[in-house]
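>>> sequence plus predicted model, see below.
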Amino acid sequence: MAWIHTIPPDEATGALAATYAAAVKRAGRVYQILRAMSLAPEVLDASMLLYQRVMFRKEGLTRRQRELLAVVTSRANRCHY
């Protein structure tokens, strides 16, 4: 398993602290998938924006179908996210 240096929530400042606060508000905590991008907050923010635009889009698949595809893909990749 790879080791990635991350910035924990209690050490985050500036834009990263704001992103972490939004994550806590949204999900109740800061998941490791977000912490993995903590050294590049601009990449983290872009990733979250892409995720939100894909998952909450009104056209095309339903939210349920999108979540199901995400679960199946994660399972196939043996990823618990």
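Everything's here; your move.
>>> now the helices for this protein?
Counting by DSSP state H, the chain has these helices, from start to end: 14-27, 32-35, 41-55, 63-76.
>>> what residues does the most centrally placed residue in the chain make contact with?
Centroid check for the chain by CA atoms, centre = their mean gives Leu34 as the closest residue, at 4.8 Å. Shown here is Leu34, whose contacts under the criterion CB atoms under 8 Å, 6 or more residues apart in numbering are Thr19, Tyr20, Ala23, Leu44, Met48. All C-beta atoms are positioned from the backbone trio N, CA, C, and that covers glycine.
>>> most surrounded residue in the residues you listed?
Tyr20 (23 neighbours; other CB atoms under 10 Å).
>>> who are the contact partners of that residue?
For Tyr20, the contacting residues are Pro9, Ala12, Val30, Leu34, taking CB under 8 Å, 6+ apart as the criterion.
>>> how close does it get to Ala40?
With distances taken as CB to CB, to the nearest Å, Tyr20 is found 14 Å from Ala40.
>>> gap between Asp45 and Tyr51?
Plainly put, Asp45 is 11 Å away from Tyr51 if you go by CB to CB.
>>> and these two? Which one has more around it.
Neighbour tally, Asp45 and Tyr51, criterion other CB under 10 Å: the higher count belongs to Asp45, 16 against 12.
>>> for that one, which non-adjacent residue is spatially closest?
Residue nearest to Asp45 in three dimensions, not counting chain neighbours: Thr19, with 6.0 Å by CB to CB, 6 or more residues apart in numbering.
>>> just checking, that neighbour touches Pro41?
Yes. With contacts counted by CB atoms under 8 Å, Thr19 reaches Pro41, the gap being 6.1 Å.
>>> burial of Leu61, as a residue count?
In terms of burial, Leu61 registers 13 neighbours under the definition other CB under 10 Å.
>>> per-residue confidence for the residue nearest to it when sequence neighbours are not counted?
Spatially, and ignoring its direct neighbours in sequence, Leu61 is nearest to Leu69 (7.5 Å; CB to CB, 6+ apart). Looking at Leu69, its pLDDT is 94.
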